[in-house]
Structures are given as C-alpha cells and as structure tokens.
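Participant: with the input below, show me the fold.
(chains A, B, C and D)
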There are 2 protein chains.
Amino acid sequence: MLLCKKCIFARKVSAHFMEDSHKLDHSECQNRIRPVKEALAFLSGKWKLPIILSLWLGNKRFSEISKEVNGITDRMLSKELRDLEINGFVKRVIHDSYPVVVEYILTDYGKTLKPVIDALGEWGASYHSRPANGSKRASHPDTE
Amino acid sequence: MLLCKKCIFARKVSAHFMEDSHKLDHSECQNRIRPVKEALAFLSGKWKLPIILSLWLGNKRFSEISKEVNGITDRMLSKELRDLEINGFVKRVIHDSYPVVVEYILTDYGKTLKPVIDALGEWGASYHSRPANGSKRASHPDTE
DNA sequence: CAGGATCCTTGAGGATACTG
DNA sequence: CAGTATCCTCAAGGATCCTG
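Facilitator: From the prediction side, this is the model:
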C-alpha cells in the first residue's frame, strides 16, 4: 500500500491496509508520492497527451500534428514538442529537402507511457460515466 | 492498444498498426483521449493525490490531513476535500459529538484509483531516472 | 513549411484574517 | 476544531506578428 509504518500506526488502521507498508519508513513513503506527482506534472499539460497520442499513429510533421491536435497554436506545439524532445519522448528528424521537412517520431521511451495512458484511460472512462452527486463536475466535458 | 478498432480495421494494420498509418482518420481515437484527459485534469491538481494517499489508510480528520499533506493551506484543503467529496472519491462523516469531529474516508470509488496511481508511480520512477534530466528545463541532450 | 519573439489573459493556488 | 471570505501572485497557456 501507499503509506509508511509511521503513518499507519499514527491511525491504528486495520491490518489489511498494511500489506507491504511496514517495509516503508516515512521518507520512503514520501518518495512514493513524488514519482506519481512527477509523472502527473509532466503529463498534465494541456497538449502533451494529445500530441503523444497523435504521434502514436506514426511519424508526423509539424503541420500534420497541428491539424490533428485541434485547437493547438503553433507556439504551443513548438514548445511542447521541444519539451517532449528534451525529455526524450519524441525524436526530431530533419530532412534537408527543398522545403525543410521535420518529422517527429515517438521514441521507445515515449512508448513506455502506454500503461500509464491505459490506466488513465480506463479509469477516466469510468470516472466520466459516473454522475457524481449531480452537484457539479470537476472537469469541463469538452466536445471536440 | 491506443488505436480504436475503427482505425485499425480501416487500414487492416493489425499488429503493425502504427507504422505507416498516419493518414488514418482517427477522429474516433479522440474519444480515447478524452477520458485520459479527464482523468488527468482531475488528478493533476497539486493536492488531490497527496490527500487521497493520505486517506488511503483510513479515516482522517481535517487537521490530520492538514498535518500530513505538507504545505497545504486550510483553504486549499477545504476546497479539495469538497471537490473530492462532490465527485464521490471521499465521504464526509460528521460525528455529532463534542467537539464536532469530521472524518473523511475514501470511498470504494476513490480506491479504484489504485491502478492509475500504481501506473503513474511506476512510470514516474523510471521517468525520473531515465531522461537526461529530471526537470522540464534542460539543455538539449544527445540525439538518441 | 516550421517555427521564434512578444505581449496578454486567466485561473489555480497562496496568504491572511475571520467564524460557528 | 473545521472550516470561509477576500485578496493576491504567478505561470501555463493564448493571440498575434515575424522569419529562415
């Protein structure tokens, strides 16, 4: 489970919550949260996922991504692609032809996102179909 | 897979679906992006995950969460808890004792986040150690 | 075509003070 | 103790124009 012994005993939770938690100390417990937050921080931008999924289908040029990821501006696409490249998710391939053609491809590392995206997608679907309390929605359902 | 069946069948790409199929009309695939984005949108706040992880072990009072989730202000905790409650992740239990005690517990629905958090955590860990840097700002690494 | 440079908007999140 | 009410900051993202 996700918290450490200290956190557990602080509340005297029942044993079935513990699982392997007793192996963790408090700092480990925090270290467990950090990667999750790091992953979220990187993915939670508005465009990273759409771009990655767009590239999942194959190599794309700037203008193609621009068309596929609807609503993105050139500036944002440029920034996000650079960010994705810097972090090793996409590779930039420059063809020195008459009009310069730049292709972007997903790296193998980028493809390691699959389980994450799958988990998010599955949960997102069930989350989406659940009309919580009827009060309000946390996220705006946009129809693209 | 990340491609919708429609996209796959449209080109009969089966296992090799992502190679040269970037001309696919994958508007259907947008429907796969949305749940992912919804999930991310909900989770990507600064405090939802820490709060949820704090509650993972059992009931907590406001002040306990406040102490465990480092750095959060009362205002943010109040807002986030309300948001989590509205969306069915957390249940608010008011004990009419003296002094009034309010406990928050994770609902079963909230616990469905486990695969998501697990996936994010695992990937986040590898993401953290894999690229040339940990932060978003960095110099260009080598071409892979 | 493939972006970069500038400036601007917006809203998530923070600080502080107050209350039942 | 368990929150609200105001006000404020700051950075993600957007609009627009420019260029090799």
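Participant: could you look up the SS state of residue A:102?
Facilitator: The three-state label given to residue A:102 by DSSP: H, G, I helix; E, B strand; the rest coil is strand.
Participant: partners of it in the sheet?
Facilitator: Counting by DSSP bridges, residue A:102 is bridged to residue A:94.
Participant: and it, how far from residue B:45?
Facilitator: Applying Cβ to Cβ, to the nearest Å, the value for residue A:102 to residue B:45 is 35 Å. From N, CA and C alone the C-beta is placed, and that goes for glycine too.
Participant: more neighbours: these two, which one.
Facilitator: residue B:45 (18 against 13; other Cβ atoms under 10 Å in any protein chain shown).
Participant: for the more buried one, phi and psi?
Facilitator: When read as degrees, to the nearest 10, the backbone of residue B:45 gives phi -60, psi 170.
Participant: look up how far residue A:58 lies from it.
Facilitator: 33 Å.
Participant: same thing with residue A:51?
Facilitator: 13 Å.
Participant: neighbour count winner among those two?
Facilitator: residue A:51 (25 against 19).
Participant: okay but that one is in contact with residue A:82, surely?
Facilitator: No - using Cβ atoms under 8 Å, residue A:51 is not in contact with residue A:82, being 11.3 Å away.
Participant: how about the residues of chain A that lie near DNA strand D?
Facilitator: A:44-47, A:71-76, A:100 (Cβ under 7 Å from any atom of the strand).
Participant: those in helices, which ones?
Facilitator: Counting by DSSP state H, the part of the residues of chain A next to DNA strand D found in helices is A:74-76.
Participant: from those, list the ones also adjacent to chain B.
Facilitator: Among those, no residue is within reach of chain B (Cβ under 8 Å from any Cβ of the partner chain).
Participant: out of those, who's the most crowded?
Facilitator: Neighbour max across those (other Cβ under 10 Å) = residue A:76, 16 neighbours.
Participant: now for the closest residue in space to it that isn't next to it in sequence, how many residues are close by?
Facilitator: Sequence neighbours aside, residue A:47 is the residue nearest to residue A:76 in space, at 5.8 Å (criterion: Cβ to Cβ, 6 or more residues apart in numbering or on different chains). Using other Cβ under 10 Å, residue A:47 has 20 neighbouring residues.
Participant: next up, the contacts around residue A:47.
Facilitator: Residue A:47 makes contacts with A:69, A:72, A:76-77, A:80, as judged by Cβ atoms under 8 Å, 6 or more residues apart in numbering or on different chains.
Participant: for it, give its distance to residue A:68.
Facilitator: 11 Å.
Participant: now do the helices in chain A.
Facilitator: Using DSSP H, helices in chain A cover A:5-11, A:26-43, A:48-56, A:62-68, A:74-86, A:108-111, A:114-128.
Participant: could you identify which of these is most buried?
Facilitator: Stretch with highest mean neighbour count among the helices of chain A: helix A:48-56 (a mean of 23; mean count of other Cβ atoms under 10 Å in any protein chain shown).
Participant: does that helix come close to DNA strand C?
Facilitator: No - under the criterion of Cβ under 7 Å from any atom of the strand, helix A:48-56 makes no contact with DNA strand C; the nearest approach is 11.9 Å.
Participant: pull the residues that contact that helix.
Facilitator: A:42-43, A:60, A:65, A:68-69, A:72, A:77, A:80-81, A:83-84, A:89-90, A:104-106, A:110-111, A:113, A:117, B:2-3, B:18, B:29, B:32-33, B:36-37, B:40.
Participant: let's see it at 7 Å
Facilitator: A:42-43, A:60, A:65, A:68-69, A:80-81, A:84, A:89-90, A:104-106, A:110, A:113, B:2, B:18, B:29, B:33, B:36-37, B:40 (Cβ atoms under 7 Å, 6 or more residues apart in numbering or on different chains).
Participant: angle of it against helix B:27-43?
Facilitator: Interaxial angle, helix A:48-56 versus helix B:27-43 (axes from the mean of the first three to the mean of the last three Cα atoms, to 10 degrees): 150 degrees.
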